[in-house]
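S.K.: Generate coordinates for the sequence data below:
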Amino acid sequence: MRTLQHWGLRSAVLSYLVLLVLSAVAGVVLYRIPPAAAQEGAHGLPLTHVADIPLPGRATRLDYESYDPVRHLLFIAHLGDGEVIVFDVGDSRVIARIAGVSSVHGVLAIPDLARVFASATGTDQIVAIDEATLKIVARMPGGHYPDGMAYAPEVHKLYVSNETGNTETVIDVRSNQRVATIPLGGEVGNTQYDPRSHHIFVNVQSRDELIEIDPAVDRIVARFRLPGSEHNHGLLIDAQDRLAFIACQGNDKLLVFDLGARRIIQSFGIGSDPDVLAFDPAPGTLYVAGEAGIVSMFSLRGANIEKIGEGRLGPNAHVVAIDPTTHHSFFALKDVGGRPVLRIMSSP
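M.R.: Numbers count the residues shown, from 1 in each chain. Down below sits the predicted model:
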């Protein structure tokens, strides 16, 4: 006589086989993850695992991601393989591999331009990619060790962090020409654009400073000391609430900087070696991803900021991107079972 456990196991197996068939029909490749890996994100984080999808190439470092919500394309910097991976979120599949982007670190999709910009650190260049053809259309000088990028739409300029070059490179995206180099006086972290002030903000991580640049004149207009910061690298701006979130790699802190009052108003302990931040605006959820694989999540309700979860999501889960429509989060992991994987999670 068959036990209830037997029927439960049989049902689970049949369900999984049906899922595989449906996935194959839809052109989706689902990767069956080990139970231990699937449970990594289940402890301490208000997230549900959706899928692990294999990425092409070797199990080498993956860096920044950027999502174009208009075309539903996720661009992933495969630093170790020197290429940009293009993932179609709607079809759940990789549709292109754009090679020739040496040691690519940063990647930034600008939907209004139908362009993607990638920082080729290996050649100190910024590479422009056409979203229609997914081909490289221009290369321009990026300064020494180009990394993160931000776009100021009013002046049609791209701002590039030159991490060890101690400068900010400014590129006119209409002419694909470098138009300015701004000395910052120290090693540079991430760069972000504030649509309220129309200014660019940059972390100077070796000085524990936040710098404000006016894109109209490409000059530094303010420097802010960050008490409690050690190596402020990650940066995200919540323009609606006039807040800047600063992830400090040296002491594993998240600082909340009030852009109106021009001062730090809160500090939180977070996972080890934090790197990339992402924000899901509708629920007001902030994600901080770290090199140690720990993800910290916060709820934002105006000035009320509360940590709502923290846990290990996967190996080297230091980069995250958000689809604001589905509230799915995308974590590019360099090595899960010997291969790179895109781990997709969902919030309630």
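S.K.: how about the closest residue to Glu310 other than its chain neighbours, what does it touch?
M.R.: In space, and not counting its chain neighbours, Glu310 is closest to Ser296: 4.6 Å by C-beta to C-beta, 6 or more residues apart in numbering. Where C-beta positions appear, they are placed from N, C-alpha and C, glycine not excepted. For Ser296, the contact set (C-beta atoms under 8 Å, 6 or more residues apart in numbering) comprises 254, 268, 270-271, 274, 287-288, 290, 307, 309-310.
S.K.: Now, of those, which are buried?
M.R.: Burial by neighbour count, judged by 16 or more other C-beta atoms under 10 Å, picks out 254, 268, 270-271, 274, 287-288, 290, 309-310 from the contacts of Ser296.
S.K.: so what pLDDT did Gly41 get?
M.R.: Looking at Gly41, its pLDDT is 43.
S.K.: Can you name the next helix or strand after the helix or strand hosting the residue nearest to Glu310?
M.R.: Secondary structure from DSSP states H and E places Ser296 in strand 294-301. For strand 294-301, the following helix or strand on the C-terminal side (DSSP H and E) is strand 304-312.
S.K.: Neighbouring strands - and their directions - for that next one?
M.R.: Strand pairing for strand 304-312, using DSSP bridges, gives strand 294-301 (antiparallel).
S.K.: buried stuff in the strand it pairs with?
M.R.: 294-298, 300.
S.K.: likewise stretch 120-130?
M.R.: Across stretch 120-130, burial judged by 16+ other C-beta under 10 Å covers 120-121, 123-129.
S.K.: returning to what we had before: okay if I get the buried ones among the contacts of Ser296 as a markdown table plus pLDDT and secondary structure?
M.R.: Shown next, in a markdown table, are those (pLDDT from 0 to 100; DSSP: H, G, I helix; E, B strand; the rest coil):
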| residue | pLDDT | secondary structure |
| --- | --- | --- |
| Leu254 | 98 | strand |
| Phe268 | 98 | strand |
| Ile270 | 98 | coil |
| Gly271 | 95 | coil |
| Pro274 | 98 | strand |
| Tyr287 | 98 | strand |
| Val288 | 98 | strand |
| Gly290 | 97 | strand |
| Gly309 | 97 | strand |
| Glu310 | 97 | strand |
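S.K.: Just give me the closest of the residues you listed to Leu45.
M.R.: Leu45 has its nearest neighbour among those in Gly309, at 4.3 Å by C-beta to C-beta.
S.K.: Can you spell out which residues form a bridge with that closest one?
M.R.: Here Gly309, judged by DSSP bridges, has bridge partners Met297.
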